[in-house]
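1. model this:
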Amino acid sequence: MERAFKMMIVTLVVLFLMTGCQAMTGATMGENIDDGNITTSVKTKLASDRLVTLSRVGVETNNGVVYLTGEVETAEQRSHIGSLASQVGGVKRVVNNLQVRKN
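-> Numbers count the residues shown, from 1 in each chain. The predicted structure is shown next:
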């Protein structure tokens, strides 16, 4: 009986903490995990492409929307990176804020 009571208390505390996390970020824990997976997948796809210099491209995801930031050499490279990001599963939209470096 006492053990069951302790398990119920632990379960309630965990549920409370999960609800608190959602209230702070506006996203559920599952959405945060999905966004993290999408970001990782986009970075992996960019890293495997020989035309992309990953060190100058930032990737963030919020509710399935991928935000690209940083600098690239050409407009073609900017477009190519946006296209690669949109091919990743779970991506709803890509906001391409990459800037073409002026020489």
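2. going forward, measure contacts and count neighbours with C-alpha atoms only.
-> Will do.
3. what pLDDT, on average, does stretch 75-90 get?
-> For stretch 75-90, mean pLDDT rounds to 94.
4. quick one: it to chain centroid distance?
-> Distance, stretch centre to chain centre, for stretch 75-90: 15 Å (Cα atoms, centre = their mean, to the nearest Å).
5. Extract the C-alpha set from it and format it as CSV.
-> Extracted C-alpha coordinates of stretch 75-90, given in CSV (Å, rounded to 0.1, in the frame of the first residue of the first chain):
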residue,chain,number,x,y,z
ALA,A,75,23.1,32.6,-54.4
GLU,A,76,23.2,29.1,-55.9
GLN,A,77,24.7,27.7,-52.7
ARG,A,78,22.0,29.5,-50.7
SER,A,79,19.2,28.0,-52.8
HIS,A,80,20.9,24.5,-52.7
ILE,A,81,21.1,24.5,-48.9
GLY,A,82,17.4,25.6,-48.6
SER,A,83,16.5,22.8,-51.0
LEU,A,84,18.5,20.2,-49.0
ALA,A,85,16.8,21.3,-45.7
SER,A,86,13.3,21.0,-47.2
GLN,A,87,14.0,17.4,-48.1
VAL,A,88,14.4,16.2,-44.5
GLY,A,89,11.4,14.4,-43.1
GLY,A,90,9.2,16.4,-40.7
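6. So for it, what gets flagged as buried?
-> Within stretch 75-90, the residues that qualify as buried by neighbour count (16 or more other Cα atoms under 10 Å) are 77, 78, 80, 81, 82, 85, 86, 88, 90.
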